Structure formats: structure tokens, C-alpha cells
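Q: Sequence plus the predicted model coming up.
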Amino acid sequence: MSEGLVRGRVWRFGDDISTDLLAPGQYAIEPVEVQKHHVLESIDPTFAATVEPGDVIVAGRNFGCGSSRETAPENVKALGVACVVAESFSRLFMRNAVAVGLPVLACPGVHEAVAAGDVIEIDLASGRIVVGDGGVSLSAQPLAPEMREILEAGGILALLRQGRAGRDPAVDGSRTA
Amino acid sequence: MAMTLAEQILARASGRDEVAAGEFVVADVDLALLHDIFAARVFDLLTESGFDEVFDPSRVVVVNDHFVPAPSAGAAEIHQRIRRHVARFDIPAFYDVGEGICHQLVPEQGHLRPGTLVVGTDSHTTTYGALGAAGTGIGTSEMVYVLATGRLWFRVPETIRFELSGTLGSGVSWKDVILYLAGRFGADGAQYRSMEFAGPALAEADMSSRLTVANMGVEMGAKFTIFESDAVTDTYLASHGGRSGAGLVTEPGADYLAVHHIDLSDLAPQVALPHEIDRVRPVDEVEGLEIHQAFIGSCTNGRLEDLRQAARILAGRRVAPGVRLLVAPASRRVLQEAVETGVYAILVDAGATVLPPGCGPCFGGHGGLLAPGERCIGSHNRNFMGRMGSAEAEIYLASPATVAASAVRGRISSPQPEVVSSV
């Protein structure tokens, strides 16, 4: 993730994609390796079976709304999705995505500008998104340094374990403003 | 500098004199809540990360509430692991199967006080704002971090203030108020924000009503949903063993993203239509739609006051043929009080199936799921596609009174007296 460049094929979804769609309650206690096969099955039964590692999800507003279940971003990451770009995210999904090391970017205008099957290139550090062969480019809100630090460590548990090995586990000190 | 309620709490918790919206802080957590969907995994990960104790066992609450009683061998095994972890980490505040739903138990059993910062492995942790606590949901990994260090990062949220005035009409409850707000401002209307509630209408909002409103703030995307402390707060804390402390009060001149003045006097009973929480209409507009199941319960509306609202309508009546009415009290204490006050007998006489205190049907886990083509009206908090079983089922959300009136008629129905008396 530290290289920060993602290039992938787009799966496009609408507004309010809930955690119940990403991690259905019936499978709540199943391991991620089982749960991931049910991601979005209520609205696209083909998705989990045909999504390929490196693909990108583009969605509308309020992606990941609903529950605190971290399996929502974990399942998406386990399917190999390289990044989720949405008009906006639910705060819990965004926190959890960062905590498990799934890159996410909020980018107003992306849903309109991108079609299913497009190939897009995403610079996670700057937030710049280029669609197809460069005809269209968009600017996402870059993640805060505090969030990028966790993402680049590979998630908050990785950060915690680094702290156990001698590094201060707190994420403070990196910015005061 | 004057601060919003959220800023006051995050400033104190991060050891600063003041903070402002947009800043990142690392704050000390006053209370950490875990429930059975995630607790076993959190403790496993904590152990794997090399920790054999939590930051402060007296600041941790663990509740087995989602799988009550265990609907599968897998769920039973999760409970077994949680019991072992709780013993090993020496956590005194452990509520096992049958005691109730976490968001009922934490206030009811006196774990809250105004001005504190609470995180939970559940999105509805916003509920605690009813008592002036900044409560918010976090995920499994973040909870491991909290249990290990007692701290977590937070972005200080902007605040939207709701100044509420007027008096609720007959048959209208605070569930209708929060549904109305969700409909008006949208499922992301408070995304990343703190919602702050104030105004003269709150004088008539009892703690049960405030818990309902704060609970559903997260359905508008809110990080916190906070009520200022007042006499209602003090009375509740005094009667529920809550630790007293300085109340949380508004500082005049604090910086708000928006202030909405809303008069509640003309509000009609509301219902959220499938499959979005913000597709809200007055009940009258969908009056008459046939239902198959009616559900009263959950951390949103499973308290004694909610059951009593339903009982007023169900007294002397029967649930319509072909309708299953399920009632899940929010805690053992609620169940006991329902028995003592005669509410329980009214519900059972009317034909209700009373479930154990827990979350089963609300999160679509077990105990009242829906078949394709079925329609359910419930007093809970989410109507997402597939939430209660089949993706081809429909969920409508309303107040306990509206749910009870609908159960009696077998059709979505307003709880207003003239409608109910015509049954």
C-alpha cells in the first residue's frame, strides 16, 4: 500500500450500500473466508464469484452504512478488491476499512464519471483518479495523515504489534493542527 | 473558546483545554463495550497480539445479547469462549445470555455518566448520548487497540444542533421524531457529525424516549448523538445507580455547522419504507398495507415504556389472524417490570409471542426471520434489504404504538385513538 498506486477494473454500485449487503447477518459468525462469498449477493449474485484481485469498487453516497461489523471491509478486502471509491462513506465503514488496511477514498463526482468495466488509476496519496486512458481525471479527498499511517502499517493491529516491539503504539504526535 | 458538547468531551478525554472540529486527537476511553458477535474475536486477537490484560477491567463491559439463547452450536461455542476470556481477563461487568441487550444494560445498570467517552463494537453505541456521553461504534481491530492501550484516535466532529419545540400529539412518540428527522435530513444527513439535541420539547422527553432518539442517530450517519444534561438525566442516574458527576451543558457561542429549529406539534406518526431508513412517510400514506409479522423490541424500542405503549393498544384485543406479533423486552429487568405491571399478561393475551431479552430478529440472526414476499413492521432500527432474512421481504419501521395497531388490524395502521377504536 505504501507505493500508493492502484490500477483496476471498476465494479459500480449505487447509494447506501449497507453492511448487511457487504456482510449479511446470517453469516455473522462464519469466518471471512466463508462470508466473502456472500458479499453483495442480494443485489448482484455474480459479484463475489467473478470479482478479481485488483478490481476496484466505485459507489454512490454513504457506502457501508449500518453496522460496526468490521467484516464488511474485511470481506471486500478478502475478495481482492484493491480500493473502494465512493461519493461518501459511512464513518464506521471508513474507520474499519482503515483499521483492516483496505484503501478507501471519498470522491464527489466519481459515480457519474465512471462506468462499470472502466479501468481507473488511483493515487492514494494525492487522491488523483484517472479514468481509462486519461480522458477524465478526478480529485478525491486524500486521507488524513493519521489514517494513512495506519493504512500503510497494514492496519491498526499491525501498528499495535509494532508498538509491542518497542515503538510507541499511539498514533498521536504526527499532526497537531 | 466555547465548545460544543462533543468538543467538551473530546477535549477532556484527550487532556486538552480545548479542541475544535476537524482536529485529530488521541483520547482516553472511559468505557469500552463488547457484545457477543465480536467479543470472542477481540479477545483472541488481543491475546495473539501479546497482551494478557486489558487497560482497566473496571472500564470494560461484555454482553452476550445477539445470540440469545444460542441458536446454533457455533454460537454456543462463541459464548463459551467469551466466558473463558472474561474470567481470564478478570472483567467484572459481564452480562450473560438472558440479561438483556447491551444498549439497555449499560444505562440501566449504572455504567454511564455525562461527559464520558464510550466506544462499543456496535453502531448503536450512540445510544449513550441520551445520558450525555459521547458514545460511538468501532470495529473489532480498533477495540483490540482500545483494550490494549485504553486510547483511540478520533477526528473531532462538526456538530449539528437540533432545537426542538412544541408538544407531541396523541399517538405520536419520539420514535416518530427520529424517523421524521431521518426522512428530512437523510441517511447521511449527519455523516461524520455529532448531533446535539436541545430545546423546550425535551422537558417532556423521558429517558426512554431520549435513548430511542440517540440510538437512531447513527442511522443518519452520526458519530455521536448527545443530549444536554437536565433534571431528566439526574433523575434517571439517581434511580439506576449511575455515578453522578458534573452534568454536560451547552456553552453559548459554540460553533455549529447548522442549527435546526423544529416544532414537533403537528408531527404525525411516521413509518420508514423498505429498504432505506430515510424513505419516511406519515403512516397515513401507507395505511392498509397487509403485514405478516409485527415486531416490538430491540435497543431502539424494547423498554418498558415501549411495551406499555403497545399494551395500551392491545388491551382487550387480539392480533389479527395471519399476523405473528413478536415482542422482545430489552432486558431481564424490563421483562420483570412488564410482568409486575401487568403489561406482559396483556401482550400474551393479545396473542404475542414473547422472546427472550436479546437482539435476534432485529439483526436478522435468528428468532423471527422473514420468507420471500413477507412484510414486517417493527419498532427496531434498520430496514435494509435482507436485514431480517429474505432479500425479497419488506421491513417497515415505526413506533411501538404503530406496530401494535398494525398487528391488531393485520394492516399498517396509525395508532391514533380514532383509528384504533374502530378496530
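A: Thanks, I have the structure now.

Q: can you confirm residue B:190 is in a helix?
A: No: secondary structure of residue B:190 (DSSP: H, G, I helix; E, B strand; the rest coil): coil, not part of a helix.

Q: Next, work out how far apart residue A:61 and residue A:112 are.
A: According to CB to CB, to the nearest Å, residue A:61 and residue A:112 sit 12 Å apart. Just so you know, the C-beta spots here come from the backbone N, C-alpha and C atoms, and that holds for glycine as well.

Q: Give me the more crowded residue out of the two.
A: Looking at residue A:61 and residue A:112 with other CB atoms under 10 Å in any protein chain shown, you find the greater number of neighbours at residue A:61, namely 22 against 10.

Q: pLDDT below threshold where in chain B?
A: Within chain B, the stretches with pLDDT under 70 are B:242-246, B:417-423.

Q: Following element in sequence after the longest helix anywhere in it, please.
A: In chain B, taking DSSP state H as the definition, the longest helix is helix B:73-88. Taking DSSP states H and E as the definition, the helix or strand that follows helix B:73-88 towards the C-terminus is strand B:93-95.

Q: which of the residues in that next one are buried?
A: For strand B:93-95, the neighbour count (16 or more other CB atoms under 10 Å in any protein chain shown) marks B:93-95 as buried.

Q: for stretch B:176-184, same thing?
A: Buried residues in stretch B:176-184, counting neighbours by 16+ other CB under 10 Å, are found at B:176-183.

Q: Inside helices: which ones of those residues?
A: Assignment to helices by DSSP H places the following of the buried residues of stretch B:176-184 there: B:176-183.

Q: now these in JSON lines, with distance to chain A?
A: Converted to JSON lines, those look like this (distance: CB to the nearest CB, whole Å):
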{"residue": "B:176", "distance to chain A": "22"}
{"residue": "B:177", "distance to chain A": "21"}
{"residue": "B:178", "distance to chain A": "16"}
{"residue": "B:179", "distance to chain A": "16"}
{"residue": "B:180", "distance to chain A": "19"}
{"residue": "B:181", "distance to chain A": "16"}
{"residue": "B:182", "distance to chain A": "12"}
{"residue": "B:183", "distance to chain A": "14"}
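
Q: wait, which of the residues you listed is closest to residue B:102?
A: residue B:178 (19.5 Å; CB to CB).

Q: Contact partners for that closest one?
A: Counting by CB atoms under 8 Å, 6 or more residues apart in numbering or on different chains, residue B:178 touches B:212-213, B:216-217, B:219.

Q: Using CSV, please lay out these together with distance to residue B:26, secondary structure and neighbour count.
A: Output for those, formatted as CSV (distance: CB to CB, whole Å; DSSP: H, G, I helix; E, B strand; the rest coil; neighbours: other CB atoms under 10 Å in any protein chain shown):
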residue, distance to residue B:26, secondary structure, neighbour count
B:212, 32, helix, 31
B:213, 29, helix, 26
B:216, 29, helix, 30
B:217, 24, helix, 28
B:219, 28, helix, 30
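
Q: Can you lay out those as a markdown table showing distance to residue B:225?
A: Putting those into a markdown table (distance: CB to CB, whole Å) gives the following:
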| residue | distance to residue B:225 |
| --- | --- |
| B:212 | 11 |
| B:213 | 7 |
| B:216 | 8 |
| B:217 | 3 |
| B:219 | 10 |
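
Q: Please enumerate the helices of the chain.
A: You didn't say which chain, so I picked chain A. Going by DSSP H, chain A shows helices at A:19-22, A:32-35, A:47-50, A:71-78, A:91-100, A:110-113, A:145-153, A:156-164.

Q: actually chain B
A: Counting by DSSP H, chain B has helices at residues B:5-13, B:39-48, B:73-88, B:102-108, B:140-149, B:174-185, B:207-216, B:231-239, B:298-301, B:304-314, B:332-340, B:343-349, B:400-409, B:417-420.

Q: Show me which residues of the stretch 251-400 of chain B are close to chain A?
A: When proximity is defined as CB under 8 Å from any CB of the partner chain, the stretch 251-400 of chain B approaches chain A at B:276, B:363-365, B:382, B:384-387, B:389, B:391.

Q: per the record, what domains does chain B have?
A: According to automatic domain parsing, chain B is divided into the following domains: B:5-263, B:272-420.

Q: how far does the first one stretch from start to finish?
A: Put plainly, it is domain B:5-263. Start to finish, the residues bounding domain B:5-263 are 22 Å apart (CA to CA, to the nearest Å).

Q: shaky segments in chain A?
A: Residues of chain A meeting the criterion pLDDT under 70: A:1-3, A:164-177.

Q: Just give me the longest strand of it.
A: When secondary structure is assigned using DSSP state E, the longest strand within chain A turns out to be strand A:5-12.

Q: List the buried residues for that strand?
A: Taking 16+ other CB under 10 Å as the basis for neighbour counts, the residues of strand A:5-12 that come out buried are A:6, A:8, A:10-12.

Q: what about the longest helix of chain B and chain A, touching?
A: Yes: counting by CB under 8 Å from any CB, chain A is contacted by helix B:73-88 at B:74-75, B:78.

Q: Return a PyMOL selection command for the buried portion of these.
A: With 16+ other CB under 10 Å as the criterion, this PyMOL line picks the buried residues out of the residues of helix B:73-88 next to chain A:
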select buried, chain B and resi 75+78
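
Q: In its sheet, which strands sit next to the longest strand of chain A, and in what direction?
A: Each strand that strand A:5-12 pairs with, and the sense of that pairing, follows from DSSP bridges: strand A:56-59 (parallel), strand A:119-123 (antiparallel).

Q: winner for burial among these?
A: With neighbours taken as mean count of other CB atoms under 10 Å in any protein chain shown, the strands paired with strand A:5-12 reach their highest mean count in strand A:56-59, at a mean of 24.

Q: any idea how far that strand is from the chain center?
A: Between the mean C-alpha location of strand A:56-59 and the chain-wide mean there is a distance of 9 Å, by CA atoms, centre = their mean, to the nearest Å.

Q: Please enumerate residues in contact with it?
A: Identification of contacts with strand A:56-59 by CB under 8 Å, 6+ apart yields A:6, A:8-15, A:17, A:76, A:81-87, A:110-111, A:114, A:120, A:122.

Q: And for stretch B:94-102?
A: Applying CB under 8 Å, 6+ apart, the contact partners of stretch B:94-102 are B:33, B:35, B:61-65, B:67-70, B:79, B:83, B:86, B:105, B:108-109, B:120, B:122, B:298-299, B:302, B:329-334, B:356-359.

Q: The residue lying closest to residue B:123 once chain neighbours are set aside - how many residues pack around it?
A: Among residues not flanking residue B:123 along the chain, residue B:137 sits closest, at 4.1 Å (CB to CB, 6 or more residues apart in numbering or on different chains). Residue B:137: 25 surrounding residues under other CB under 10 Å.

Q: gap between residue B:137 and residue B:68?
A: For residue B:137, the distance to residue B:68 - CB to CB - is 20 Å.

Q: Spit out the contact partners of the closest residue to residue B:131 other than its chain neighbours.
A: What sits nearest to residue B:131 in space, not counting adjacent residues and going by CB to CB, 6+ apart, is residue B:112, at 4.7 Å. In this structure, residue B:112 makes contact with B:31, B:106, B:118, B:128, B:131, B:133, B:237, B:242, judged by CB under 8 Å, 6+ apart.
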